[in-house]
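K.L.:
Got a predicted model here, sequence first, then my questions.
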Number of protein chains: 2
Amino acid sequence: MIPRSFFLQLIDKEFGEFEEFLKQSTDDEIRQFLDELHPADIADIVERLDEQDRGRIMALLSEERAAEVLPLIEEYHKPEVLDAIPETTLTKIVLHMDSDDVTDILEDLPKEEAEEILDSLPQKESDEVRQLMSYPPDTAGGLMQTELVAVSPDATLGQAIHLIREKYSKVGDIINLYVVNEQGLLIGMVPLRTLILEDAGKKVSEVMERDVISALVDMDQEQVAELFRKYDFISLPVVDQQGKLLGRILVDDIVDVIQEEASEDMYRLAGVDKEEHVDDTPLRSIRLRLPWLSFNLVTAIAAATVVSFFQGTIQKVVALAVFMPIVAGMGGNAGTQSLTVITRGIALGELTFSNAKRVLLKELIGGLTNGIVLGGLMALLAYLYKGNPMLGVVLGLAMICNMFMAALAGTSIPLILKWARVDPALASGVIVTTFTDVTGFFCFLGLATLFLHYLT
Amino acid sequence: MIPRSFFLQLIDKEFGEFEEFLKQSTDDEIRQFLDELHPADIADIVERLDEQDRGRIMALLSEERAAEVLPLIEEYHKPEVLDAIPETTLTKIVLHMDSDDVTDILEDLPKEEAEEILDSLPQKESDEVRQLMSYPPDTAGGLMQTELVAVSPDATLGQAIHLIREKYSKVGDIINLYVVNEQGLLIGMVPLRTLILEDAGKKVSEVMERDVISALVDMDQEQVAELFRKYDFISLPVVDQQGKLLGRILVDDIVDVIQEEASEDMYRLAGVDKEEHVDDTPLRSIRLRLPWLSFNLVTAIAAATVVSFFQGTIQKVVALAVFMPIVAGMGGNAGTQSLTVITRGIALGELTFSNAKRVLLKELIGGLTNGIVLGGLMALLAYLYKGNPMLGVVLGLAMICNMFMAALAGTSIPLILKWARVDPALASGVIVTTFTDVTGFFCFLGLATLFLHYLT
């Protein structure tokens, strides 16, 4: 059988074999096989199977086990996996799930079905889940779970240990105990290890860490991720404006947030909708990309319009049409470089308004220098190719001008968007390359028109 | 004073005020202020200060405190911060650090200085660090630390608790105890909470989890990150080929790896060197970008060469030069969309060879459809603008052809690179846009030459 600790690597190669195994095995054999697997591996398998096999596997899992597997299904595959589970079974499965996972599942279900499942939950749980569902999914409130262990500052560590033993079946990963006062305000924290290191007779208030860093419930998930990254947290309490403890966020959900945010930035730079997925149907992919490509068409027409102003010049010096792609292309690439470095710098919090001026200056010096080096080189090549020194001069100057403007646009557009509190990554490559196309054609053909006398 | 839990947000605005405070305060006042801060906040401050203030702050920190702050300095700023610390002080600071952090620091120092510090460490520690330094930094071995708590399967939980109390000052974040047999092979794991939940008289072997997932020491950091992401680990043991326990990796280092890998992919797509940093000097930035831009120049010349073959045609129908940027631009954008979705899909493990055929088909259908819609629209516009139906037909056909080829290139180039075990993100935008430029110009101008009779 497949060695469990390397399942991650093997699943790719041997998935066909596994489907064969499914076909030839009895339910009991499959159940036995699934028992050996980590829930994450089962989730991986379920995502890949066809509708029928998926239903069969989910039906073979116990409710507890299904409650572990479901939250690990990729967001994109969740609807189809949920489809494979009868509602009555789902109602029992969610009883074994953490509140944040229940929320995620319900948000993927048709409203009516979600309501029915909520109604079937015990009152306290259904209230909690309803509350969680009221927070936007990309905020601390949308990420947190309500399962946690809270103790009074007056309790002894022995009492705290007792509480953990009681609560353990409900609260899976206990990393810290949170200390709350009578008003429910978060006033301290006790790491689990303290319960092992310190004497059981001591009071919580004697050993607790004060000054606990927490996330406000409406904090954006990107900022929450930044808190985790900066302070190396494993879990983080979430409070409301008054400081009342509402829930906690665990690092594994943050790892997903970081991946998601990085994908989003990358997608935006390339003009891809963040909802798009590599596994989409052709129709969905077309529907998501067409608006953006249509926008591109408008910007491309803008660039073409600039060229159309200079048709007379091109008619006289056709060689200009040959060099046009070089001026535009080099500007586009230089602009994309600046844009990417700046956008990523903003996303990682390394570029702020305090160092923005220095960074802009650096980019401009870089754009100008690279323009001079490559524009100079290209001027020489054009001269050697066409034998006209002025053509070289015009081409070189246009490249210098365009690479400078590329640095300016690639740096300032995302900074301006940040200042206007719009996502800087919206300054996608298309905006910057349109800018460099327009500037490039205008500089190159404009200069050529100005010096037309020397070119013909 | 600045409320500590929101320092992250405030530091940006009030950094100027802080520098003022530094100037006007005595060492004692500053020391008192620093005592209130989280090491990560001190690291943030130190990164931003000028050389003199940086030296002053580092000198005011106790060795224990400096040992907490140093590993939190961003990689990029480490050399300059290390410069501010006298070697004799550094020798004492590293004594308080985890082995992986010592390794990171020593790798940033001049070889000679690193050797001197190694020699000053106790034999056992210096051996461990030398061993860690022998692993490539982007592998499990390069990420792991040797500080961990290992117990024998025959020990009781009470003995394990005793061991933790002994080791705690050395091993900061104890998440799990690792169970090793007499040969040092990893045979199980006991989560910290088990020590609280279970009776102290039980044996480790009775309560331990078997089938522990571990990373091989030479596993690539991207795969290690994927293990953390998939299995929601907080820590992961590292073993050698024989299964001998060598160290452990904590999730906070993985969060950094995920950010780093995402940046790398984004940078490669845009043709930016992964070593580049938003805060680089102009000279360094120029040196890093110029080679890539020079490569771009070669590819741009390739595209221009295609145009040069058709100078005769352009001479006769100058309007072609006007529409050239539209054909090339739309192909470039469509190609970049495909490329980005495919590259990211590969990086996240969502695109594998098993679904590659389906994804390629989807991209090709999408490219063709988008080409027909936008090419058709553009054909109509060109006809209305220039009054020549054949010009519209040629433009439309060229756009359909180029957007289809863009989907083909954007999808197959990264897949072929993956198959050849090269990083798929190396199929940077430049390669794909060069491809679409060349194809676009060739289709458009080629068709125009073919139907030249109808265009003039």
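P.N.:
Nice, thanks for sending it over. This is a predicted model, so every value here is computed, not measured. Numbering: from 1, shown residues only, chains lettered A, B, ... in the order given.
K.L.:
contacts and neighbour counts: CA atoms only from here.
P.N.:
Noted.
K.L.:
And the strands in chain A, which stretches?
P.N.:
For chain A, the strands defined by DSSP state E cover A:150-151, A:176-180, A:186-191, A:215-216, A:235-239, A:245-250.
K.L.:
Can you check which of those strands gets nearest to residue B:203?
P.N.:
Shortest separation from residue B:203 across those is recorded for strand A:186-191, at 24.4 Å, computed as CA to CA.
K.L.:
other SSEs contacting that closest one?
P.N.:
Here strand A:186-191 touches strand A:176-180, going by 3 or more CA pairs under 8 Å, 6 or more residues apart in numbering or on different chains; DSSP states H and E.
K.L.:
between the strand it packs on and strand A:235-239, how many degrees?
P.N.:
Relative orientation of strand A:176-180 versus strand A:235-239 (axes from the mean of the first three to the mean of the last three CA atoms, to 10 degrees): 20 degrees.
K.L.:
Counting by contacts, list what strand A:176-180 packs against.
P.N.:
Checked by 3+ CA pairs under 8 Å, 6+ apart, strand A:176-180 has strand A:150-151, strand A:186-191 packed alongside it.
K.L.:
what's the closest of those to residue B:48?
P.N.:
strand A:186-191 (30.6 Å).
K.L.:
will you turn the strands of chain A into JSON lines that also has distance to residue B:150, mean pLDDT and mean neighbour count?
P.N.:
Below are the strands of chain A laid out as JSON lines (distance: least, CA to CA, whole Å; pLDDT from 0 to 100; neighbours: other CA atoms under 10 Å in any protein chain shown):
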{"stretch": "strand A:150-151", "distance to residue B:150": "30", "mean pLDDT": "94", "mean neighbour count": "22"}
{"stretch": "strand A:176-180", "distance to residue B:150": "22", "mean pLDDT": "94", "mean neighbour count": "22"}
{"stretch": "strand A:186-191", "distance to residue B:150": "20", "mean pLDDT": "94", "mean neighbour count": "22"}
{"stretch": "strand A:215-216", "distance to residue B:150": "35", "mean pLDDT": "94", "mean neighbour count": "24"}
{"stretch": "strand A:235-239", "distance to residue B:150": "24", "mean pLDDT": "95", "mean neighbour count": "23"}
{"stretch": "strand A:245-250", "distance to residue B:150": "25", "mean pLDDT": "95", "mean neighbour count": "24"}
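K.L.:
okay, the ones you listed in TSV with distance to residue A:224 next?
P.N.:
Listed next are these as TSV, based on distance: least, CA to CA, whole Å:
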stretch	distance to residue A:224
strand A:150-151	21
strand A:176-180	18
strand A:186-191	18
strand A:215-216	7
strand A:235-239	9
strand A:245-250	9
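K.L.:
that older thread, looking at the helices and strands packed on strand A:176-180, spot the one closest to residue B:140.
P.N.:
Of the helices and strands packed on strand A:176-180, nearest to residue B:140 by CA to CA is strand A:186-191, at 27.2 Å.
K.L.:
Can you give me the domain boundaries for chain A?
P.N.:
Annotated domains of chain A cover A:4-134, A:150-250, A:282-455 [automatic domain parsing].
K.L.:
And those domains, which one averages the lowest pLDDT?
P.N.:
Mean pLDDT per stretch puts domain A:4-134 lowest among the domains of chain A, at a mean of 85.
K.L.:
That one: how far from the chain's middle?
P.N.:
Here domain A:4-134 is found 23 Å from its chain centre; the criterion is CA atoms, centre = their mean, to the nearest Å.
K.L.:
same deal with stretch A:140-150?
P.N.:
Distance, centroid of stretch A:140-150 to centroid of chain: 21 Å (CA atoms, centre = their mean).
K.L.:
repeat for stretch A:218-227
P.N.:
A distance of 12 Å separates the centroid of the chain from that of stretch A:218-227, by CA atoms, centre = their mean.
K.L.:
Just send the domains of chain A back as a markdown table, with distance to residue B:30 too.
P.N.:
Compiled in a markdown table, these are given as follows (distance: least, CA to CA, whole Å):
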| stretch | distance to residue B:30 |
| --- | --- |
| domain A:4-134 | 42 |
| domain A:150-250 | 19 |
| domain A:282-455 | 23 |
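K.L.:
Point out the most buried one among those.
P.N.:
The highest average neighbour count among the domains of chain A, using mean count of other CA atoms under 10 Å in any protein chain shown, belongs to domain A:282-455 at a mean of 21.
K.L.:
about what we covered before: nearest to residue B:438, out of the strands of chain A?
P.N.:
strand A:245-250 (49.6 Å).
K.L.:
so that closest one versus strand A:186-191, what angle?
P.N.:
Using the same axes, to 10 degrees: strand A:245-250 against strand A:186-191 is 30 degrees.
K.L.:
Tell me which other helices or strands strand A:245-250 touches.
P.N.:
Taking 3+ CA pairs under 8 Å, 6+ apart as the contact cut, strand A:245-250 packs with helix A:140-143, strand A:235-239.
K.L.:
Next, format those as JSON lines and append distance to chain B.
P.N.:
Formatted as JSON lines, the helices and strands packed on strand A:245-250 follow (distance: least, CA to the nearest CA, whole Å):
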{"stretch": "helix A:140-143", "distance to chain B": "15"}
{"stretch": "strand A:235-239", "distance to chain B": "10"}
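K.L.:
Which one, of those, ends up nearest to residue B:449?
P.N.:
Nearest of those to residue B:449, taken as CA to CA: helix A:140-143 at 59.5 Å.
K.L.:
Which elements pack onto the closest one?
P.N.:
helix A:123-133, helix A:221-231, strand A:245-250.
K.L.:
Identify whichever of these lies nearest to residue A:262.
P.N.:
Using CA to CA, the helices and strands packed on helix A:140-143 put helix A:221-231 closest to residue A:262, at 10.2 Å.
K.L.:
any idea how far that closest one is from the chain center?
P.N.:
13 Å.
K.L.:
Name all residues that make contact with residue A:456.
P.N.:
Neighbouring residues of residue A:456 by CA atoms under 8 Å, 6 or more residues apart in numbering or on different chains: A:316-317.
K.L.:
One more: residue A:447?
P.N.:
So residue A:447 contacts A:394, A:398 (CA under 8 Å, 6+ apart).
K.L.:
now do residue A:266
P.N.:
With CA under 8 Å, 6+ apart, residue A:266 has these contacts: B:266, B:340.
K.L.:
same thing but 10 Å
P.N.:
A:260, A:272, A:274, A:340, A:343-344, A:425, A:428, B:262-263, B:265-267, B:269, B:340-341, B:344 (CA atoms under 10 Å, 6 or more residues apart in numbering or on different chains).
K.L.:
The lengthiest helix in chain A: how far from the chain's middle?
P.N.:
Across chain A, the longest stretch assigned as helix under DSSP state H is helix A:353-386. Computed by CA atoms, centre = their mean, the chain-centroid distance of helix A:353-386 equals 33 Å.
K.L.:
name the helices or strands packed onto it?
P.N.:
helix A:319-347, helix A:389-419, helix B:7-24, helix B:282-309 (3 or more CA pairs under 10 Å, 6 or more residues apart in numbering or on different chains; DSSP states H and E).
K.L.:
Looking at those helices, which is nearest to residue A:216?
P.N.:
For residue A:216, the closest of the helices and strands packed on helix A:353-386 is helix B:7-24, at 12.3 Å, according to CA to CA.
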